[in-house]
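Q: sequence plus the predicted model coming up.
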Amino acid sequence: MNKKNKKKELLELISILSNNETLYLIDISDLNSSQISILRKNFYEHSIRMRVVKNTLLKKAIIKNKKFNSFFPILNGNTTLLFSNLNVANVTSKIIKNFHTQEKTDKPCLKGAYAQKSFYFGGNKDLNVLLRIKSKEDIIAEILNILQFSIKNIFSSFLYSTKYKVCEILKSLSYQKKMKK
């Protein structure tokens, strides 16, 4: 790779680190080309890009973006970068976990991840943690459902009690009308 191409790739990696919500570093060594193709397709369907990177270039990109210094210790061996500008931490983990099940393999192996402004390191232990992460949208939807249920209960109890109050008022008025006659 010539100097111009290295510089271009370095700038692309810096851009990836700076402009994406979710980053995964995985090891896909020992996977064959058809397995890699399946993974790439599954990630692509969810707007997750996959890119094999050189550790030395990724280290240089991290030096430029100090936020990811925590990744330095895991930059050895085969490194593939998964990235998306969407918050897809649990989707990425589900794809990897489903691949493990379908292919009966423990690869790809999670080296590290950055999701929801937090770092995760290690193999399947943190992959399972990432599976349970809820996106901000999921949390907001849950809160709205809880609020909606509470508001319905309050409103229905108000209507229920008001209905009987109105009935009592009408009974009282009709009773008073009968008394006047």
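A: Yes, it's here.
Q: before we move on, which element is the closest residue to residue 132 other than its chain neighbours in?
A: Distance criterion CB to CB, 6 or more residues apart in numbering; nearest residue to residue 132, sequence neighbours excluded, is residue 90 at 7.1 Å. The C-beta positions use only the backbone N, C-alpha and C, and glycine is treated the same way. If you go by DSSP states H and E, residue 90 is part of helix 89-103.
Q: what packs against that helix?
A: Helix 89-103 is packed against strand 22-27, helix 33-44, strand 109-115, helix 124-131, with contacts defined by 3 or more CB pairs under 8 Å, 6 or more residues apart in numbering; DSSP states H and E.
Q: so which elements touch the third one?
A: Using 3+ CB pairs under 8 Å, 6+ apart as the contact definition, the elements that strand 109-115 packs against are strand 22-27, helix 89-103, strand 118-121, helix 124-131.
Q: neighbours of the nearest residue to residue 46 once chain neighbours are set aside, how many?
A: Using CB to CB, 6+ apart and skipping residues adjacent in sequence, the residue nearest residue 46 is residue 91, 5.1 Å away. Residue 91: 22 surrounding residues under other CB atoms under 10 Å.
Q: can you give me the domain assignment for this protein?
A: 3-133, 134-181 (automatic domain parsing).
Q: quick one: contacts for the residue nearest to residue 100 when sequence neighbours are not counted?
A: Leaving aside its chain neighbours, residue 100 sits nearest to residue 106 (6.2 Å; criterion: CB to CB, 6+ apart). With CB atoms under 8 Å, 6 or more residues apart in numbering as the criterion, the residues that contact residue 106 are 100, 123-124.
Q: the closest residue to residue 77 other than its chain neighbours: how many residues sit nearby?
A: Take residue 77 and drop its neighbours on the chain: the residue closest to it by CB to CB, 6+ apart is residue 27, 6.1 Å away. When neighbours are counted by other CB under 10 Å, residue 27 registers 18.
Q: roughly how far does residue 27 sit from residue 129?
A: 18 Å (CB to CB, to the nearest Å).
Q: also residue 94?
A: 13 Å.
Q: for residue 35, same thing?
A: Counting by CB to CB, the gap from residue 35 to residue 129 is 25 Å.
Q: and what of residue 41?
A: Per CB to CB, residue 41 is found 26 Å from residue 129.
Q: ok, these two, which is more surrounded?
A: residue 129 (17 against 10).
Q: gap between that one and residue 118?
A: Here the criterion is CB to CB. By it, residue 129 lies 10 Å from residue 118.
Q: swap in residue 99?
A: The value you get for residue 99 to residue 118, if CB to CB is used, is 23 Å.
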